[in-house]
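Asks: generate a structure from the sequence data that follows.
(2 chains)
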Amino acid sequence: MNPLLNALLVVVLALNLFVLGTSRIVTVIKVVSLQGVLLGIIPLLIEDHVGWSAVFASVGTIMLKGLVIPFMLMRAMRDVQIKREMEPLIGFLPSMLLGALATGFALLFAQALPLASEHTTPLIVPASLSTIFVGFILLTTRVKAITQIMGYLVLENGIYIFGMLLLGVIPLVVEFGVLLDLFVAIFVICIMVNHINQAFSSLDTRHLAALKE
Amino acid sequence: MTLLLLLLPFAMALVAALLPSNRWRPWVPPLTAAIHFPLTLAAVFGEPMESHAAWIGLDPVGKPILLLISTLFLVTSFYLTGYLKYHPRRENRVFVACLLCTLGSMTLVAWSRHLGIMWIAIETTALCTAPLIYFNKTPQSIEATWKYLLVGFVGIALALLGSFCLAYSSLHAGLHPSLVFSDLLRDAPQLSKPWLHVAFVLMLVGYGTKMGLAPMHTWKPDAYGAAPGAVGTLLAGGVTSCAFLCILRIYHICCAAGETAFVAPMLVFMGLFSMAVAGIFMVGQQDYKRMLAYSSVEHMGILVLGLGIGAPALFGTLLHVFNNGLTKGVLFLSAANIHRSYGSTSTGVVRGALRRLPVSAGLFLAGFLAITGSPPFGPFISEFSILNAGFGSGHFVASGLFLVFLLVIFIGMGSTVMLMLQGKVPEDAPQTIYREGFLTVVPPLLLLGVVVMLGVWIPDSLSTLLHNAVDFLEVQP
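Replies: Next comes the predicted model:
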């Protein structure tokens, strides 16, 4: 087990809290893409013998999460006048505290989980759980369409970390399929963000409340 | 042939995207369906093919779902050519291409024998159907598409986590971890139980979101309300059935692991809860497309309830997948005709539809009677079979509630439907250019014919197909 692994995961956890505490949307995009790049490195640290397929998957992840997705999101942001997430349903500091609390609980909870012996020392499971939770906080408490998408990306990152336990089990085809789906998802979302902005002159999802009983 | 069936829709989507003529492009889906359907029949009823790859293959459970998808698409594609004729100016390139990709990804769901491939296929259906819901480009359809995407993504992400947990359950048990169904089924009794439970719950919630089970159904009324009627057919009959197939897969693995006692109560609860929620929102519903969406929530509930009741209800449940899908086709397509004629989905505007559109309104009435479980239509047989199994296996409370909810839904849906169909057409009802035509009336009529047939006579080939699927699912540890 590589000692760098846990250090990297701690950085990932710190980035979670940073995302919760910042209001500038461009910063959020940059931090989440940095998180994606760090996650792309992890598979190379876990295995002692790094095979070609691991390298391919890793490069694919880094390219997509570190370059392509932030590029698409930045482009979508350029056409939109909003720069900041103004009024989240839970303030920045409280949501940061909530995130920190969730990380603490994730650490405790992971110890109670029945894990295989080789998975008890690294922080993979707690990091995954707390990242998923942070993703949910972003998804539910932010009101701008684009920050909600960042929440989805963080959630996806959390699930990716959990997938690290299964390195080598998931075939390369499936890994690339998942990445391709993520790419198309963000592509579709960026188009939608653009249309929401044109139709409502805002990215505030509270405008999207006409359809109800 | 496998490859042809899987690649055909995507290849045709490319053709549709490259075709310059907006007038001829709508004929690509019927053409595709005309090739896809016979191929499907050959794959489903023909000689069993030896599967070369462990990941892709048609097993007895995938077969009925594939047959349903292909049938629905065949009928809907012809209807859509009639529909797109009424919107000659609107660019339909993205719409037609996405429609074909939806068919391709649904086909892949039915063929996949690997949890990862299945997940990718389901996510692809979500991505391909979003532009279909957005076709009308109104603020309402933007809102509906946004909710559909966001709720759908989160749901499917949870399903991915569930798939990982399932793989981890074999890793934790010291087995060689795998996401291939046949491996998981073989190893099921040894799988680590806590992780299997987590996997089941996550996948039930995740794929249940895609199915539209309450309380994860919130996207459904919005999406079905905003989408063109034919797209509603594919969503309510095709995509939801695919998501149900995913739940069937994890259910199968849990049963093979001897965990039926763990999963059954959850499925029964989810089923009844979905029916209850659907019933509450259907009573006094003033938008008939949203009413159909809640009807879909109800029937997804019935399917899951059928699974929860267990082995005796399996045949009825699988038959209900068919009956629900086909009847939803009748309802959504005839509702789309009514919508086009009145330009509104509100029962405040739509009155006296039987006078204005005798055939479409008649079809809507028949569809309503069918979906609420009246004889002699197909859903009566399947719902009765599930109910029978429920009482027979001692689920008295669940079966009793099932009956009560069916009654509430019949009354609630009936009052809305009667309001629309009966009476005179109001003087101020909007006039539109829509008149009932061959392409917009015959497809739902054909579907209704099949629904009536399934009510009085189930062909031997279909019955064998379903019995094979039941036998496959009943394999015990």
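
Asks: get me the contact residues on chain A for chain B.
Replies: Applying CB under 8 Å from any CB of the partner chain, we find that chain A lies next to chain B at A:113-116, A:132, A:139, A:145, A:148, A:152, A:155-156, A:159, A:162-163, A:165-166, A:169-171, A:173-174, A:177-178, A:180-181, A:184-185, A:188-189, A:192, A:195-196, A:199-200, A:205, A:208-211, A:213. For every residue, glycine as well, the C-beta is placed using N, CA and C.

Asks: make a ChimeraX selection of the buried ones in the residues you listed.
Replies: Here is the ChimeraX command that selects the buried residues among the residues of chain A next to chain B (16 or more other CB atoms under 10 Å in any protein chain shown):
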select /A:115,132,139,145,148,152,155,156,159,162,163,165,166,169,170,171,174,177,178,181,184,185,188,189,192,195,196,199,200,205,208,211
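
Asks: can you check the pLDDT for B:P477?
Replies: B:P477 is assigned a pLDDT of 50 by the prediction.

Asks: I should have written A:M164 there, sorry.
Replies: pLDDT, read off for A:M164, is 87.

Asks: over to B:A53?
Replies: At B:A53, the pLDDT value in this model is 68.

Asks: quick check: B:V198 vs B:S163, distance?
Replies: 11 Å (CB to CB, to the nearest Å).

Asks: the nearest residue to B:N468 once chain neighbours are set aside in helix, strand or coil?
Replies: Leaving aside its sequence neighbours, B:N468 sits nearest to B:P60 (CB to CB, 6 or more residues apart in numbering or on different chains; 4.3 Å). Under DSSP: H, G, I helix; E, B strand; the rest coil, the three-state class of B:P60 is coil.

Asks: surely B:P60 touches B:E474?
Replies: No - the pair B:P60 and B:E474 fails to qualify as a contact (CB atoms under 8 Å) at a distance of 10.9 Å.

Asks: tell me, how many residues neighbour B:F10?
Replies: Counted with other CB atoms under 10 Å in any protein chain shown, the neighbours of B:F10 add up to 18.

Asks: quick one: which of the residues of chain A next to chain B sit in strands?
Replies: Among the residues of chain A next to chain B, no member is found in strands (DSSP state E).

Asks: what about the residues of chain A next to chain B, which are in helices?
Replies: A:132, A:139, A:145, A:148, A:152, A:155-156, A:159, A:162-163, A:173-174, A:177-178, A:180-181, A:184-185, A:188-189, A:192, A:195-196, A:199-200 (DSSP state H).

Asks: now B:H114. Its backbone dihedrals?
Replies: Dihedral pair for B:H114: phi -130, psi 130, per degrees, to the nearest 10.

Asks: repeat for B:G310
Replies: Per degrees, to the nearest 10, the backbone of B:G310 is at phi 100, psi -160.

Asks: and the closest residue to chain A within the stretch 301-450 of chain B, its phi and psi?
Replies: Using CB to the nearest CB, the single residue of the stretch 301-450 of chain B nearest to chain A is B:T345, 11.5 Å away. The phi/psi pair for B:T345 (degrees, to the nearest 10) reads phi -110, psi 10.

Asks: who's more crowded, B:P60 and B:E474?
Replies: Legend: neighbour count by other CB under 10 Å for B:P60 and B:E474, higher for B:P60 (17 against 13).

Asks: how about the contacts made by that one?
Replies: Counting by CB atoms under 8 Å, 6 or more residues apart in numbering or on different chains, B:P60 makes contact with B:L465, B:N468, B:A469, B:D471, B:F472.

Asks: list only those of the residues you listed flagged as buried.
Replies: B:L465, B:N468, B:A469, B:F472.

Asks: and of these, the nearest to chain A?
Replies: B:F472 (24.2 Å).

Asks: I figured the closest one hits B:K63, correct?
Replies: No - using CB under 8 Å, B:F472 is not in contact with B:K63; the gap is 9.6 Å.

Asks: the helix or strand harbouring B:I247 near chain A at all?
Replies: Assigned by DSSP states H and E, B:I247 belongs to helix B:240-256. No - Helix B:240-256 does not reach chain A (CB under 8 Å from any CB); its nearest approach is 15.2 Å.

Asks: tell me the helix or strand right after that helix.
Replies: helix B:260-282.

Asks: so which elements touch the helix or strand just after that following helix?
Replies: Next along the chain after helix B:260-282, taking DSSP H and E as the criterion, comes helix B:288-309. Under the contact definition 3 or more CB pairs under 8 Å, 6 or more residues apart in numbering or on different chains; DSSP states H and E, helix B:288-309 sits against helix B:193-211, helix B:219-226, helix B:229-233, helix B:240-256, helix B:260-282, helix B:314-342, helix B:378-392, helix B:396-421.

Asks: and helix B:288-309 with helix B:314-342, angle?
Replies: On the basis of axes from the mean of the first three to the mean of the last three CA atoms, to 10 degrees, helix B:288-309 is oriented at 180 degrees to helix B:314-342.

Asks: buried residues, helix B:288-309. List them.
Replies: Going by 16+ other CB under 10 Å, helix B:288-309 has these buried residues: B:288-309.

Asks: which pLDDT value goes with the spatially closest residue to B:E143 that is not a sequence neighbour?
Replies: Setting aside the residues directly before and after it, B:E143 is nearest to A:L208 in space (CB to CB, 6+ apart), at 4.1 Å. For A:L208, the model assigns a pLDDT of 80.

Asks: surely B:T416 and B:M291 touch.
Replies: Yes - look at B:T416 against B:M291 with CB under 8 Å: they come within range, at 5.5 Å.

Asks: find residues that contact each of the two.
Replies: Contacts common to B:T416 and B:M291, judged by CB under 8 Å, 6+ apart, are B:M282, B:Q285.

Asks: surely the residue nearest to B:E143 touches B:L149?
Replies: No - contact criterion CB under 8 Å: A:L208 and B:L149 do not qualify, at 11.6 Å.

Asks: what residue in chain A comes nearest to chain B?
Replies: A:V174 (3.4 Å).

Asks: from A:A102, how far out is that residue?
Replies: Counting by CB to CB, the gap from A:V174 to A:A102 is 29 Å.

Asks: starting at the chain centroid, how far to the host helix or strand of B:E143?
Replies: If you go by DSSP H and E, B:E143 is part of helix B:139-172. Centroid separation for helix B:139-172 versus its chain: 17 Å, with CA atoms, centre = their mean, to the nearest Å.

Asks: report all helices and strands that it contacts.
Replies: Secondary-structure packing of helix B:139-172 (3+ CB pairs under 8 Å, 6+ apart): helix A:124-141, helix A:145-163, helix A:172-200, helix B:115-133, helix B:181-187, helix B:193-211, helix B:219-226, helix B:240-256.

Asks: want to throw these into CSV with distance to B:F10?
Replies: Formatted as CSV, these follow (distance: least, CB to CB, whole Å):
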stretch, distance to B:F10
helix A:124-141, 31
helix A:145-163, 25
helix A:172-200, 13
helix B:115-133, 10
helix B:181-187, 23
helix B:193-211, 21
helix B:219-226, 24
helix B:240-256, 16
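
Asks: pLDDT at the residue of chain B found nearest chain A, what is it?
Replies: Taking CB to the nearest CB, chain A has its nearest neighbour within chain B at B:G116, 3.4 Å off. At B:G116, the pLDDT value in this model is 91.

Asks: that one reaches A:L172, doesn't it?
Replies: No - counting by CB under 8 Å, B:G116 does not reach A:L172; the two are 10.6 Å apart.

Asks: out of the two, which sits in the busier spot?
Replies: Between B:G116 and A:L172, B:G116 has the larger neighbour count (other CB under 10 Å), namely 23 against 14.

Asks: who are the contact partners of that one?
Replies: For B:G116, counting by CB under 8 Å, 6+ apart, the contacting residues are A:I170, A:P171, A:V174, A:G177, A:V178, B:S163, B:L179.
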